[in-house]
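> Please work out how this folds:
(2 chains)
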Amino acid sequence: MARFFPMAVWLALAGFAVLSAWRFPSGAGMVPGPRMVPMALAILLAIMAVILGVAASRLAVSVTTVGGRADRPGRDLIGLTSLMALYAVFLPLLGFISTSALFVAAALRLLGYPHLVRALAFGLVVGFSLYGFFEGLMGVPLPKGWLG
Amino acid sequence: MDLGASPAVLLCLLAGVVAGIIVGALPGLSATMAVALMVPFTFELSIMPALALLIGIYCGAVYGGSIPAILFRMPGTPASAATIIDGHALAERGEARRALAVAAFAALCGGVLGTLILIVLTPQVSRFALSFGPPEYFGLAIFGLSMIISVSEGSLLKGCIVATFGLLLSTVGMDPIAGYPRFLFGSVSLMEGMPFIPALIGLFAIAEVLMGSGQERKGDASVSAHVSAFPSNQDVRRCGWTIIRSGSLGTFVGATPGAGSDIAAFLGYSAARQRAQAGDCFGQGEVKGIAAPEAAKTASTSGAMIPLLSLGLPGDSVTAVLIGAFVLHGVQPGPLLFSQHAGLAYAILVTILLAHVLVYFVSVASTRLVLQVLRLDSRFLRAVILLLSLLGAFALRNNLADVWLAICFGLVGVLLRRGGYPAAPLLLALILGPLAEENFRRALTLSAGEYTIFWTRPISAVLLALALASVAFGLWRSRSAAGK
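Numbering: from 1, shown residues only, chains lettered A, B, ... in the order given. Next up, the predicted model:
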């Protein structure tokens, strides 16, 4: 069943798009409205998903791990994704420099770097440098927070 | 000509090129942003140093994006995304220096070729580009979308699925004609449409770090067989015609208002891939796959100057800002520029040419320094790339929603790669989707719903025929390759 999983995902996405697009205005007369293009694309996606399913049923091997690096442990993936989510949450609260320093240090630890103090020092250097370049030189306003 | 050769002009040009390369290499900072930011600082300068500074930033930024694209699979600018495909593959093989050398050389040749076309063909190209209406833009977008065949490594069906998904994502936001909100689900951030930069950063940079391939790359600069910062004679011979073809194509695309260097780069890559010969290994580190997008995108910067200088119309967002700089210094670009300010007009052309040459020499001179970055512990690199990715997504609009989008696209990128789906078609669809839909519907509005408008106008008909031929040729090649 695993080889039909991609088809199911694409079909679900297409179905969701069709249901959402159905509510859009269809346009006046022969001139297409906001509904036409997304609806046509969603139907096309569904058709291709079915073809993918048919192709998968003809294959003797699973199609889920072609070309990828599925054997890689998922620890980094989950850890780094959670860390990025935390960064997005804490950026407006703590400010750019402190959040970035903590982010870099935590990412380094997650990636197996053993020295916490050096990681934090590196994070601070990166945070200050990027803040100086983006905010100071380029005029890009970054969150100040309570520390930064 | 003295205007173009004074020390002040050269100094400003050099400063602009160096600043531009740095800005281009950092995701989230664009050439438009840097040029717009520098315009007020040019108040105190006379017109030529001021324009030299801005032109230097523009040319430098367009090239600079390719450095992180090749080294880290992290395009600094959207136009560098096409370089990732073969550039990063070559870097992963331990030939980062060779990839950078070919990219810089192709960018130089494309820029010089584009400038020569700019000098010789400005009026003709302007007239051609201005004859584009909605059906022609739709034709151009469809021609661009036909490249999905070229950028779909492995399975064509999977490439088409991903592209359709990308086109569907490109319909998110306010409808371009009726202003009706689509797929917003209450989000204000998506009203302007699916932001392209977070998608780019997520799909390539974040996904790459999450997949963990940076670990194997530690120290690969030291094992590079190619030791010079200049391309080898063999690479130059191999890429010569590719550069000329892509450079010419890029110039015409750049001259077409609304079609920027990102579209030029993908078109150049596709054109090169469709002419692949036996022995070419596109997608696996083919030097032609680096030379083609680099030449096309750099040439497009000169192409964008064609409507600016001859008609006073911007070819892309950077030249729109440049018009402001011209006006600020009391010069109105347009048809009268060459008759009323001939000296200035030709000095600008020389400055553009010099900018491309300086970009090359700065990039060659900094190659050793740039490659030192690869010698760093890959854990530090991965942490900094992730931070830069999040910062780049945020800096564009100062919007945290873009950071979340980048993270989501990063996960989408991981899922796509694990499922054997190419990410490039999704990016291509996000670039071309809005152009295709808006002009498709505009054309139908103009023709009161008559679809014949697309094949009764010569340029549109030719572009659509080229797209059809490109798809047919690609399918034929793919079937013959599968049959072998």
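> Now do the residue positioned nearest the centre of chain A against chain B, distance only.
When Cα atoms, centre = their mean is applied to chain A, the residue found nearest the centroid is residue A:81 (8.8 Å). With the distance defined as Cβ to the nearest Cβ, to the nearest Å, residue A:81 ends up 7 Å from chain B. (Each C-beta comes from the backbone N, C-alpha and C, glycine too.)
> My read is that that residue contacts residue B:404, right?
No - in terms of Cβ atoms under 8 Å, residue A:81 does not count as a neighbour of residue B:404; the distance is 11.6 Å.
> quick revisit: quick one, grab the pLDDT at the residue nearest to the centre of chain A.
With respect to pLDDT, residue A:81 has a value of 93.
> Find the nearest non-adjacent residue to the residue of chain B found nearest chain A, please.
Going by Cβ to the nearest Cβ, chain A is nearest to residue B:449 of chain B, at 2.3 Å. Closest residue to residue B:449 apart from its sequence neighbours, by Cβ to Cβ, 6 or more residues apart in numbering or on different chains: residue A:30 at 2.3 Å.
> What is the burial count for the residue in chain A positioned nearest to chain B?
Per Cβ to the nearest Cβ, the residue of chain A with the smallest distance to chain B is residue A:30, at 2.3 Å. Neighbourhood size, residue A:30 [other Cβ atoms under 10 Å in any protein chain shown]: 12.
> That one against residue B:445, yeah?
No - contact status for residue A:30 versus residue B:445: not in contact, 9.6 Å apart, counting by Cβ under 8 Å.
> so residue B:79 touches residue B:253, yeah?
No - using Cβ under 8 Å, residue B:79 is not in contact with residue B:253; the gap is 11.0 Å.
> where do the contact lists of these two overlap?
B:264, B:300 (Cβ atoms under 8 Å, 6 or more residues apart in numbering or on different chains).
> Looking at the two, which has the bigger crowd around it?
Neighbour totals were compared for residue B:79 and residue B:253, and residue B:79 leads with 32 against 28 (other Cβ under 10 Å).
> can you pull the contacts of the more buried one?
Going by Cβ under 8 Å, 6+ apart, residue B:79 touches B:62, B:65, B:260-262, B:264-265, B:293, B:297, B:300.
> could you redo the last one with a cut-off of 7 Å?
Residues in contact with residue B:79, defined by Cβ atoms under 7 Å, 6 or more residues apart in numbering or on different chains, are B:62, B:65, B:261-262, B:265, B:297.
> And the pLDDT at residue A:115?
At residue A:115, pLDDT is 89.
> Could you please name the strands the helix or strand bottoming out on mean pLDDT in chain A pairs with and the direction of each pair?
Lowest on mean pLDDT, DSSP states H and E among the helices and strands of chain A sits strand A:27-28, with a mean of 75. Next to strand A:27-28 in the sheet, as set by DSSP bridges, lie strand A:31-32 (antiparallel).
> Which strands and helices lie in contact with the helix or strand following the strand it pairs with?
As assigned by DSSP states H and E, the chain's next helix or strand after strand A:31-32 is helix A:36-58. Helix A:36-58 is packed against helix A:5-21, helix B:156-170, with contacts defined by 3 or more Cβ pairs under 7 Å, 6 or more residues apart in numbering or on different chains; DSSP states H and E.
> Please enumerate residues in contact with helix A:36-58?
Residues outside helix A:36-58 that contact it (Cβ under 7 Å, 6+ apart) are A:3-4, A:6-7, A:10-11, A:13-14, A:17-18, A:21, A:27, A:63, B:157, B:160-161, B:164-165, B:167-168, B:171, B:182, B:437.
> which of those residues are buried?
Among the contacts of helix A:36-58, the ones that count as buried by 16 or more other Cβ atoms under 10 Å in any protein chain shown are A:3, A:6-7, A:10-11, A:13-14, A:17-18, A:21, A:27, A:63, B:160-161, B:164-165, B:167-168, B:171, B:182, B:437.
> one step back: mind putting the contacts of residue B:79 in CSV, pLDDT and neighbour count included?
CSV is the format used below for the contacts of residue B:79 (pLDDT from 0 to 100; neighbours: other Cβ atoms under 10 Å in any protein chain shown):
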residue, pLDDT, neighbour count
B:62, 86, 33
B:65, 83, 31
B:261, 80, 31
B:262, 81, 28
B:265, 88, 33
B:297, 90, 39
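> any chance of those in TSV, with distance to residue A:39 and secondary structure too?
Formatted as TSV, the contacts of residue B:79 follow (distance: Cβ to Cβ, whole Å; DSSP: H, G, I helix; E, B strand; the rest coil):
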residue	distance to residue A:39	secondary structure
B:62	37	helix
B:65	36	coil
B:261	32	helix
B:262	27	helix
B:265	31	helix
B:297	34	helix
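> still on that earlier bit, can you pull the contacts of the residue nearest to the centre of chain A?
B:210, B:407, B:411 are the contacts of residue A:81 under Cβ under 7 Å, 6+ apart.
> For residue A:78, see how far away the last one is.
In other words, residue B:411. The gap separating residue B:411 from residue A:78 is 11 Å, by Cβ to Cβ, to the nearest Å.
> So between those two, which is more surrounded?
Just comparing residue B:411 and residue A:78: by other Cβ under 10 Å the higher neighbour count belongs to residue B:411, 16 against 12.
> Leaving aside the residues adjacent along the chain, what's closest to the more buried one?
With Cβ to Cβ, 6+ apart, the residue lying closest to residue B:411 is residue A:81, at 6.6 Å.
> All the helices of the stretch 251-400 of chain B, residue numbers only.
Secondary structure of the stretch 251-400 of chain B, counting by DSSP state H, counting those that start in this stretch: helices at B:261-274, B:287-311, B:317-328, B:337-340, B:342-372, B:378-397, B:400-418.
> Using PDB, list the CA coordinates for the first one.
What it means is helix B:261-274. Presented in PDB, the C-alpha positions along helix B:261-274 are these (Å, rounded to 0.1, in the frame of the first residue of the first chain):
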ATOM      1  CA  SER B 261      16.900  37.600 -14.900                       C
ATOM      2  CA  ASP B 262      15.300  34.600 -13.100                       C
ATOM      3  CA  ILE B 263      13.200  33.800 -16.200                       C
ATOM      4  CA  ALA B 264      16.300  34.400 -18.400                       C
ATOM      5  CA  ALA B 265      18.400  32.000 -16.300                       C
ATOM      6  CA  PHE B 266      15.900  29.200 -16.500                       C
ATOM      7  CA  LEU B 267      15.300  29.700 -20.200                       C
ATOM      8  CA  GLY B 268      19.100  29.700 -20.800                       C
ATOM      9  CA  TYR B 269      19.400  26.500 -18.900                       C
ATOM     10  CA  SER B 270      16.600  24.800 -20.700                       C
ATOM     11  CA  ALA B 271      17.900  25.900 -24.100                       C
ATOM     12  CA  ALA B 272      21.300  24.400 -23.300                       C
ATOM     13  CA  ARG B 273      19.800  21.200 -21.900                       C
ATOM     14  CA  GLN B 274      17.600  20.700 -25.000                       C
END
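> Can you tell me which helices and strands that helix packs against?
Partner elements for helix B:261-274 (3+ Cβ pairs under 7 Å, 6+ apart): helix B:81-92, helix B:134-145, helix B:148-151, helix B:233-255, helix B:287-311, helix B:424-446, helix B:458-483.
> Quick check: which helices or strands does the last one pack against?
Under the contact criterion of 3+ Cβ pairs under 7 Å, 6+ apart, the helices and strands touching helix B:458-483 comprise helix B:134-145, helix B:148-151, helix B:261-274, helix B:453-456.
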